[in-house]
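Enquirer: sharing a sequence plus its predicted fold:
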Amino acid sequence: MPLRFSVLASGSSGNAFYIESDQEKLLVDAGLSGKQMDRLFSEVNVDPADLTGILVTHEHSDHIKGLGIIARKYNLPIYANEKTWNAMEGSIGSISLDQKFHFGMEDVKTFGDIDVESFGVSHDAVEPMFFTFRNNGKKVALVTDLGYVSERIKRTVEDADAYIFEANHDVGMLRMGRYPWNIKRRILSDSGHVSNEDCALALTDLITNRTNRVYLAHLSLDNNMKDLARMSVENILKERGMDLAICDTDPKTPTTLYDVG
């Protein structure tokens, strides 16, 4: 059976991604309260007690807000790199030693029948990293929270069946918006977030004939809109002869579980 996944929540207010196979049920990040995480899981008919592990991308609160709560409640193992562990330990509460695991950057770990590869991204956290997931010839790539898409990242995530890819902001909306200039500069920097246009341009280098779906993720509430992000990405892809499903994500509502393949 193929991989199945849901973007449980995506945006600056909180992020969580769920992916499963016949043998494994993995959560990436838990950036909402414990109560909200339970609600999201119930909406996709998944029991969080059945999770086999939680992977952590980086220590920002919109990725770890409910991490300690859900890990303690369901006695779940947490996987993160050493610098991220050190940076987030003061924010997630006490975690027992038998729940703490190390997942280094540029590493591959096998969880049952899923091979997970980590890769570093340029973002203003101590050692942020994201993941690709492989199972039975299928590949899913999770790529958000990065200022730009390097050639090294492209080589890691290219030729996936499905992407969850950052389209954080419309540059014009950001420049004209209410944010103070230092925040705008951070978002636009190489350690900030990818814009709609840069998302589309990166995808043109990554998409192959096997790619059938892209989810636009981590949209800014103030500096983007779902319709605008989708239109911006679709237009650039279509100009290059690429026509595939472009899907929305939401900060409060999970996407329907999608079977890859």
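Expert: Sure thing, it's come through.
Enquirer: CA atoms for contacts and neighbours, from now on please.
Expert: Will do.
Enquirer: F133 should be in a strand, yeah?
Expert: Yes. Assessed with DSSP: H, G, I helix; E, B strand; the rest coil, F133 lies in a strand.
Enquirer: I figured it hits V140, correct?
Expert: Yes. In this structure, F133 sits in contact with V140. The criterion is C-alpha atoms under 8 Å, and the distance is 5.1 Å.
Enquirer: between these two, who's got more neighbours?
Expert: Neighbour totals were compared for F133 and V140, and V140 leads with 27 against 23 (other C-alpha atoms under 10 Å).
Enquirer: any idea how far that one is from F130?
Expert: With distances taken as C-alpha to C-alpha, to the nearest Å, V140 is found 11 Å from F130.
Enquirer: what do you get for K65?
Expert: If you measure K65 against F130 using C-alpha to C-alpha, the figure is 18 Å.
Enquirer: check contacts around F5.
Expert: Under the criterion of C-alpha atoms under 8 Å, 6 or more residues apart in numbering, the contact list for F5 reads 17-20, 257-259.
Enquirer: same question for I64.
Expert: With contact taken as C-alpha under 8 Å, 6+ apart, I64 is in contact with 29-32, 56, 58, 88, 92.
Enquirer: likewise S10?
Expert: Neighbouring residues of S10 by C-alpha under 8 Å, 6+ apart: 16, 217-219, 249-252.
Enquirer: now D248
Expert: By C-alpha under 8 Å, 6+ apart, the residues touching D248 are 215-217, 226, 230.
Enquirer: so which of those residues is the most crowded?
Expert: Ranked by neighbour count under the definition other C-alpha under 10 Å, the contacts of D248 are headed by A217 with 29 neighbours.
Enquirer: correct me, but that residue touches T249?
Expert: Yes. Taking C-alpha under 8 Å as the definition, A217 is a contact partner of T249 at 5.8 Å.
Enquirer: before we move on, the earlier item: quick one: which of the contacts of I64 sit in strands?
Expert: Using DSSP state E, no member of these falls in strands.
Enquirer: I'd like those written out as CSV, with pLDDT and distance to I114 added.
Expert: What follows is those, written out as CSV (pLDDT from 0 to 100; distance: C-alpha to C-alpha, whole Å):
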residue, pLDDT, distance to I114
D29, 98, 17
A30, 98, 20
G31, 98, 23
L32, 98, 25
V56, 98, 16
H58, 98, 21
M88, 98, 26
I92, 97, 27
